[in-house]
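[1] Curious how this folds, go ahead:
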Amino acid sequence: MRVNITLEHKESGERIYLTQKNKRNTPDKLELKKYSPKLRKHVIFKEVK
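    Next up, the predicted model:
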């Protein structure tokens, strides 16, 4: 069962990445290192509802 999720960087408040995950394989919140245009560097984005 794949679901759409939004990734957010807590410090800058950016919510610019959308992705999908399989809830059965990864029940925990997803954390991915992505590029932040506001900070101009790679930072960790975490899954939000």
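
[2] Now do the host helix or strand of Asn4: everything it contacts.
    Secondary structure from DSSP states H and E places Asn4 in strand 2-9. Strand 2-9 has contacts (CB atoms under 8 Å, 6 or more residues apart in numbering) with 14-23, 30, 32, 34, 36, 39, 43-49. C-betas here are computed from N, CA, C, even on glycine.

[3] what kind of secondary structure is the nearest residue to Leu32 once chain neighbours are set aside in?
    What sits nearest to Leu32 in space, not counting adjacent residues and going by CB to CB, 6 or more residues apart in numbering, is Phe45, at 5.5 Å. Put simply, Phe45 is strand when judged by DSSP: H, G, I helix; E, B strand; the rest coil.

[4] I figured Phe45 hits Tyr35, correct?
    No: taking contacts as CB atoms under 8 Å, Phe45 lies outside contact range of Tyr35: 9.4 Å.

[5] Alpha carbons of stretch 12-21, in CSV - could you do that?
    Extracted C-alpha coordinates of stretch 12-21, given in CSV (Å, rounded to 0.1, in the frame of the first residue of the first chain):
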residue,chain,number,x,y,z
SER,A,12,13.5,26.5,7.7
GLY,A,13,9.9,25.4,7.5
GLU,A,14,10.3,24.3,3.8
ARG,A,15,7.8,21.7,2.5
ILE,A,16,9.0,21.4,-1.1
TYR,A,17,9.4,17.7,-1.7
LEU,A,18,6.7,15.1,-2.4
THR,A,19,7.4,11.4,-2.5
GLN,A,20,5.8,8.0,-2.0
LYS,A,21,6.5,5.2,0.5
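
[6] let's number from 37 now, not from 1
    Noted, 37 is the first residue going forward, which turns the last one into stretch 48-57.
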